[in-house]
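Novice: coords please:
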Amino acid sequence: MRFFLTKRFNFSACHRFYNKKWDKKKNEKIFGKNINFHGHNYKVDVEIEGEIDKDTGMIINIDDLKNIMNNIISEFDHKNLNEIEYFREIQPTVENLSKVIYEIVKEKLPKNLKLHKITVYESDSLWASFYGNENELSKKINFYSSHKLFKKNFEKEKNLKIFGKCSNFHGHEYSLILKYKGEVDKQTGFLVKREEIEKDVENVKKLLDYKNLNKIKFLKERNPTGENILIYLKNKLKNKKIKGIKIYETDENIFEMEEN
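Specialist: Got it, this is the predicted structure:
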């Protein structure tokens, strides 16, 4: 049996993306407005794996973890990340930030504990996780759609029995998370180019936003359930770095798929 504990920490910092080996024109092409200094209110989730201590009933005392992390976070809080030693040779992207913090925390934790992952939230819609040997970038997208769940060859009573009130036409504000996995580019610091992400966002919106899902051929034939929406998107989105998709139909109904 495996046990995990997650604790969140916060800091504020500024940064910009700029590769000194390139001229300004190329930097603008790759990084856009991010060549200018700007800031974020970062959130850092520290997820630890370990055994439960028989005396304390804890994986680690939260106060001990806070003491470790507060010292680490102070290195980044209210700082210009470009001037910190860790980012003298690499871009201070959220991907690199998650890896840097992982390596620091790993060295500071007691030896009986394993650091499972570090997740850094640049915003509520973009965050990166580092697992020690795997990089993951997540992008959150909201869209608004309507649907009903029913089968044409079922009588109304049978549809009502199987699908309940969802057999009536209704809608949701969906939240969708695209999960990208792969190597971080050394020159840009990106796992995925930001224009690629924006294209994926545009495609999701084009496919699903303000649509009657029952009129989309694929979903019409199969029923526009959360599960089938996942399959539909996976078939439509061509970015090979997308390795997982998660959909919140509501806060209570969540659907997810991941490649093996």
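Novice: Nearest residue to residue 241 in space, please, no chain neighbours.
Specialist: Distances taken as C-beta to C-beta, 6 or more residues apart in numbering put residue 180 closest to residue 241, at 4.5 Å, once the chain neighbours are dropped. From N, CA and C alone the C-beta is placed, and that goes for glycine too.
Novice: Output the contacting helices and strands for the host helix or strand of that neighbour.
Specialist: Residue 180 belongs to strand 170-182 when elements are defined using DSSP states H and E. Contact analysis of strand 170-182 by 3 or more C-beta pairs under 8 Å, 6 or more residues apart in numbering; DSSP states H and E lists strand 135-147, helix 194-208, strand 242-248 as its packing neighbours.
Novice: List the contacts of it.
Specialist: 134-148, 191-192, 197, 200, 204, 208, 233, 237, 239, 241-250, 258 (C-beta atoms under 8 Å, 6 or more residues apart in numbering).
Novice: switch to 6 Å and redo it
Specialist: Applying C-beta atoms under 6 Å, 6 or more residues apart in numbering, the external contacts of strand 170-182 come out as 136-144, 146, 191-192, 200, 241-244, 246-249.
Novice: same question, stretch 240-254
Specialist: Contacts of stretch 240-254 from elsewhere in the structure, counted by C-beta under 6 Å, 6+ apart, are 172, 175-182, 192, 226, 230, 233, 255-259.
Novice: Name whatever forms a beta bridge with the residue nearest to residue 241.
Specialist: Beta-bridge partners recorded for residue 180 (DSSP bridges): residue 137, residue 242.
Novice: returning to that earlier point: buried stuff in the strand holding residue 180?
Specialist: 172, 174, 175, 176, 177, 178, 179, 180, 181, 182 (16 or more other C-beta atoms under 10 Å).
Novice: domains in the protein, as residue ranges please.
Specialist: 1-133, 136-260 (automatic domain parsing).
Novice: Reformat the ones you listed as TSV; add mean pLDDT.
Specialist: Formatted as TSV, those follow (pLDDT from 0 to 100):
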stretch	mean pLDDT
domain 1-133	96
domain 136-260	96
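Novice: all strands of the stretch 51-200 of the chain, in order?
Specialist: In chain order, the stretch 51-200 of the chain shows strands spanning 79-80, 114-121, 126-130, 135-147, 170-182, with DSSP state E, counting those that start in this stretch as the criterion.
Novice: how far away is residue 256 from residue 132?
Specialist: Using C-beta to C-beta, to the nearest Å, residue 256 is found at 22 Å from residue 132.
Novice: just residue 151 next, same as before
Specialist: Distance of residue 151 to residue 132, given as C-beta to C-beta: 46 Å.
Novice: Repeat that for residue 82.
Specialist: 26 Å.
Novice: what do you get for residue 226?
Specialist: For residue 226, the distance to residue 132 (C-beta to C-beta) stands at 31 Å.
Novice: So for those two, which sits in the more crowded spot?
Specialist: It is residue 226, of residue 226 and residue 132, that has more neighbours when counted by other C-beta atoms under 10 Å, with 17 against 13.
Novice: Any idea what the closest residue to the more buried one other than its chain neighbours is bridged to?
Specialist: In this structure, residue 226 finds its nearest non-sequential neighbour in residue 255, 3.5 Å apart by C-beta to C-beta, 6+ apart. Partner residues in beta bridges with residue 255: residue 247, with DSSP bridges as the criterion.
Novice: which of the contacts of strand 170-182 count as buried?
Specialist: With neighbours counted by 16+ other C-beta under 10 Å, the contacts of strand 170-182 contain buried members at 136-141, 143, 191-192, 200, 241-244, 246-249.
Novice: In this structure residue 228 contacts residue 221, no?
Specialist: No. When contacts are counted by C-beta atoms under 6 Å, residue 228 is not listed as touching residue 221 (9.2 Å).
Novice: And the two? Which one has more around it.
Specialist: Remark: of residue 228 and residue 221, residue 228 carries more neighbours, 18 against 8, as counted by other C-beta under 10 Å.
Novice: Can you give me every residue that contacts that one?
Specialist: 219, 222.
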